[in-house]
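> I'll drop the sequence and a predicted model, then ask my questions.
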Amino acid sequence: MAQRSVGDRIIGWYGDVAARNLESRPDRVRQWLMMGFKLMARKSRLLPDGRFLRSGREGYALFMNSVVDAMADAENSVITSIFMPNELFRALHLMPVTAEAVASFVSGAQAESAFIGQAEGAGFPETYCSYHRVLMGLATSGILRPRRYLAATSVACDANNLTFRELARRWDVPFAYVDVPYETTRDSIGYVADQLRAVARDVGEAYGRTLDEELLHEMVTRSLTTQDTLAESLPLRRGRYLANTMTLDMMEMLDLMLSLGTPEAARLASHMCEDYREAPAYRGINLVWAHVSPYFLGSIAEHIDHSQEAQIVASDMMFNHVPAPGEERLFGADHPFEAMAERVSRSCFNGPAERRVRCLSRLARKTGADGVVVFCHWGCKQTAGAAQLMRTRLEAEGLPVLVLDGDACERANCMEGQMSTRLSAFLELLRTRREGT
């Protein structure tokens, strides 16, 4: 296991302070955590990491600021699931935040074990997704203040329904569960669109607001453009040094979920294209990453973060809603609810696992990736169940695949040494394979 840096030890001390005071001083812990989060957000604006490309610095700051603002302001934010179309909340002048974004902040502060323990003490099993256990630990401890409304979709995990339903019961607030059919047809899209209209109406009632239809149209128009620009960035990533990290890849993915439709997200996608056109050539291994990543594991990150050895060139989480070649949209911005419904319906995380296989294959071909890493996050039955199918199908196409089992949120739940050894061996295999072609 990699030796902890001074920065890691300081952050570990910070998380320990939060853990020790969780039961006796929840209000102080909330203030302590928010103070640290706000300082980090300010640092991302004033002292950005110069190793990132311009788009990377923007993506980092956008994530930090948007999530901190939403966590700090319970009256003007709503908790949603990761694939929920968030333009409708922003058209009500509300800030969306997801379990994954909140839990990532807590994990970044090395405080996740205390909140996971809190959730397990409240009855949530250890086999449950660690992102959702952190969210429930924050809620049951009183650190996370109640929101007036909760909304989730059936894409992509069972935990969405269970977590948000239980959270709504504890907070005594309305909860919407948007059911997304597997098949993408005009009828199924219309079914989802009607549910989204009901969510917009109910959220407006809960917060005493009226949907700004002009703003919604503007945001959905920008969302569609952003998706197209993001797709254009794929071939530009081929053979270029992206100067990214596992952390940044997760942040940019969440940016393009939480902030899709905003000028900031559109600018991020546009600057990605501009940066990659001018980026220096890259001779290391290019990886397509499936699912989330354990960004906090030093011995894994040292192979990938700002590395000339290997980099993540694309992920199925970030590109889950990018249209496939020749795939025409059925609805444009003139039908904003249908356009949002179509996006979540076409997500590669919805429907059969073959959709993810096709997405990963397309990402690898577009970017010239050397191989694929499928990360089976603890508690995620969908990825764990599909991992061997993805491996078999992709290897049949000539793409080497590494399946890693671990946890992208809870450090204690990772066999870091074994994971590092397997990743090192996989990268060596890819180097040998490239030299032999």
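Here it is on my side, so go on. Residues are numbered from 1 along each chain as shown.
> Residue 103: helix or strand, and which one exactly?
Using DSSP states H and E, residue 103 falls within helix 99-108.
> Show residues contacting that helix.
By C-beta atoms under 8 Å, 6 or more residues apart in numbering, the surrounding residues in contact with helix 99-108 are 11, 33, 37, 40, 63, 67-68, 71, 79, 81-82, 112, 115, 130-132, 134-135, 138, 144, 163, 247, 250, 254, 258, 292, 296, 409-411. C-betas here are computed from N, CA, C, even on glycine.
> Among these, which are located in helices?
Residues of the contacts of helix 99-108 located in helices (DSSP state H): 11, 33, 37, 40, 63, 67-68, 71, 112, 115, 130-132, 134-135, 138, 163, 247, 250, 254, 258.
> Model confidence for residue 10, exactly?
pLDDT, residue 10: 52.
> which residue sits closest to the residue nearest the centre of the chain in space, ignoring its chain neighbours?
When C-alpha atoms, centre = their mean is applied to the chain, the residue found nearest the centroid is residue 254 (4.1 Å). In space, residue 254 comes closest to residue 101 once its chain neighbours are excluded; the distance is 5.3 Å by C-beta to C-beta, 6 or more residues apart in numbering.
> now swap in residue 341 and tell me
Nearest non-adjacent residue to residue 341 (C-beta to C-beta, 6+ apart): residue 192, at 3.7 Å.
> Nearest residue to residue 374 in space, please, no chain neighbours.
Nearest residue to residue 374, sequence neighbours excluded (C-beta to C-beta, 6+ apart): residue 290, at 4.3 Å.
> Likewise for residue 118?
Leaving out its chain neighbours, the residue that sits closest to residue 118 by C-beta to C-beta, 6+ apart is residue 137, at 3.8 Å.
> Confirm that residue 260 sits in a strand.
No - under the criterion used here (DSSP: H, G, I helix; E, B strand; the rest coil), residue 260 is coil, not part of a strand.
> how many other residues sit next to the closest residue to it other than its chain neighbours?
Nearest non-adjacent residue to residue 260, counting by C-beta to C-beta, 6+ apart: residue 223, 5.0 Å away. For residue 223, the neighbour count with other C-beta atoms under 10 Å is 25.
> for the protein, what spans make up the strands?
77-80, 95-98, 150-153, 175-178, 285-290, 310-315, 371-377, 401-406 (DSSP state E).
> How far off centre is the first one?
Pointing back at strand 77-80 there. Strand 77-80 sits 15 Å away from the centroid of its parent chain (C-alpha atoms, centre = their mean, to the nearest Å).
> pLDDT averaged over it, what's the number?
Rounded mean pLDDT across strand 77-80 is 96.
> same question, stretch 404-411
Here stretch 404-411 scores 91 as its mean pLDDT.
> now do stretch 428-437
90.
> I'd say residue 373 and residue 290 touch.
Yes - under the criterion of C-beta atoms under 8 Å, residue 373 makes contact with residue 290 at 6.7 Å.
> what pLDDT does the residue nearest to residue 254 get?
91.
> Now do it against residue 409, distance only.
Residue 101 sits 11 Å away from residue 409, going by C-beta to C-beta, to the nearest Å.
> higher neighbour count, the two?
Neighbours per residue, other C-beta under 10 Å: of residue 101 and residue 409, the larger number sits with residue 409, 28 against 25.
> isn't that one right up against residue 132?
No - contact criterion C-beta under 8 Å: residue 409 and residue 132 do not qualify, at 9.2 Å.
> what's the longest helix in the chain?
Criterion DSSP H: the longest helix present in the chain is helix 213-236.
> Give me the buried stretch members for that one, please.
216-224, 226-227, 229-231, 233-234, 236 (16 or more other C-beta atoms under 10 Å).
> what's around residue 113, how many residues?
20.
> ok, residue 82 to residue 106 distance?
The spacing between residue 82 and residue 106, counted by C-beta to C-beta, is 16 Å.
> what's the spacing between the residue nearest to residue 118 and residue 163?
Residue 137 is 11 Å from residue 163, by C-beta to C-beta.
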